[in-house]
Every structure is written in C-alpha cells, then in structure tokens.
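1. after the sequence you'll find the predicted model.
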Amino acid sequence: EVQLVESGGGLVQAGGSLRLSCAASGFTFDDYAIGWFRQAPGKEREGVSCISTTDGSTYYADSVEGRFTISSDSAKNTVYLQMNSLKPEDSAVYYCAAIDRPVHELLPISFDFWGQGTQVTVSS
C-alpha cells in the first residue's frame with residue numbers, strides 16, 4: 001500500500017523558512033515522480049514543485065522559483081521542500097503526491113497517490 005506522510009508545517013512570520021517532509025512507503029522510491037501541491041481556502045489545488053526520483057530533475061512553479069527547493073533522499077524514502085522567504089500568500093495546506101511515471105504537467109490529475117496534507121501559515 002502506497003503511503004505518503006507530510007510533516008513540517010506550522011506558523012511562521014513573513015520572510016521566514018520551513019522545511020516540509022514527505023515520507024513515502026509501499027513503493028519503489030526510485031521510480032516515481034513526487035510532487036508538492038498546495039491549496040488555500042476557496043482556491044484550487046495548485047502545483048508547487050516536482051522531482052523525479054529516477055534522475056533528480058526538478059520543476060518549480062513561477063510563484064516559488066528561487067525561494068523553494070525540492071530534494072529527495074532515497075535512503076530515507078523522503079522528499080523535502082525547503083521554503084525560504086515565505087510570504088503570506090504561501091499560506092495553504094501543502095500536499096505531497098506520487099505517480100509511477102514521468103509527468104509533463106504539474107497538475108493534480110496527473111498523480112495517483114496523495115498524503116493527508118500539512119498546514120503552512122505565514123503571518124504578515
């Protein structure tokens with residue numbers, strides 16, 4: 001059974017940093033694409049970043065490019081999202097998601113497996 005468990009969310013002031021973790025189990029970690037998505041109240045779920053655990057290639061949404069960094073640790077079956085220079089508009093529930101093939105668009109419909117989410121709140 002594929003399981004994804006997010007952690008690391010919390011309350012931080014604008015300009016601060018958080019590191020989210022996505023611990024994966026139940027699948028061969030090195031053959032997947034792992035994405036981070038976020039959803040704020042009243043808004044659609046949007047793609048933030050994605051990493052291929054096969055070749056390490058990464059993708060970032062324009063809104064987070066240069067501030068967020070995605071990485072993976074295959075020894076720990078974990079993907080991280082380092083978030084720096086946080087802004088109030090980054091506040092949302094953050095989800096990690098996985099799919100067992102390359103993705104060409106960071107859209108929720110492209111992913112089969114989802115975690116339960118972790119809340120990130122950035123105060124101004």
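-> Right, received. Where do you want to start?
2. spatially central residue for this structure, please.
-> For the chain, the residue nearest the mean C-alpha position is residue 36 (2.2 Å; Cα atoms, centre = their mean).
3. how far away is that one from residue 124?
-> Counting by Cβ to Cβ, to the nearest Å, the gap from residue 36 to residue 124 is 23 Å. All C-beta atoms are positioned from the backbone trio N, CA, C, and that covers glycine.
4. quick check: closest non-adjacent residue to the residue nearest to the centre of the chain.
-> Counting by Cβ to Cβ, 6 or more residues apart in numbering, residue 36 lies nearest to residue 48, which is 4.4 Å off, once chain neighbours are set aside.
5. likewise residue 22?
-> residue 96 (3.4 Å).
6. is it true that the one you found touches residue 113?
-> No: at 9.0 Å, residue 96 does not count as touching residue 113 under the criterion of Cβ atoms under 8 Å.
7. these two - which one has more neighbours?
-> residue 96 (30 against 18; other Cβ atoms under 10 Å).
8. the more buried one pairs with what?
-> Beta-bridge pairing for residue 96 (DSSP bridges): residue 36.
9. for residue 113, same thing?
-> residue 98.
10. where does stretch 88-98 sit relative to the chain's centre, distance-wise?
-> With Cα atoms, centre = their mean, to the nearest Å as the basis, stretch 88-98 stands 7 Å off its chain's centre.
11. could you pull up the mean pLDDT of it?
-> On average, the pLDDT along stretch 88-98 is 97.
12. okay, buried residues for it please.
-> 90-98 (16 or more other Cβ atoms under 10 Å).
13. over to stretch 22-37?
-> 22, 24, 27, 29, 32-37.
14. which SS state does the residue nearest to residue 36 fall under?
-> Secondary structure assignment for residue 48 (DSSP: H, G, I helix; E, B strand; the rest coil): strand.
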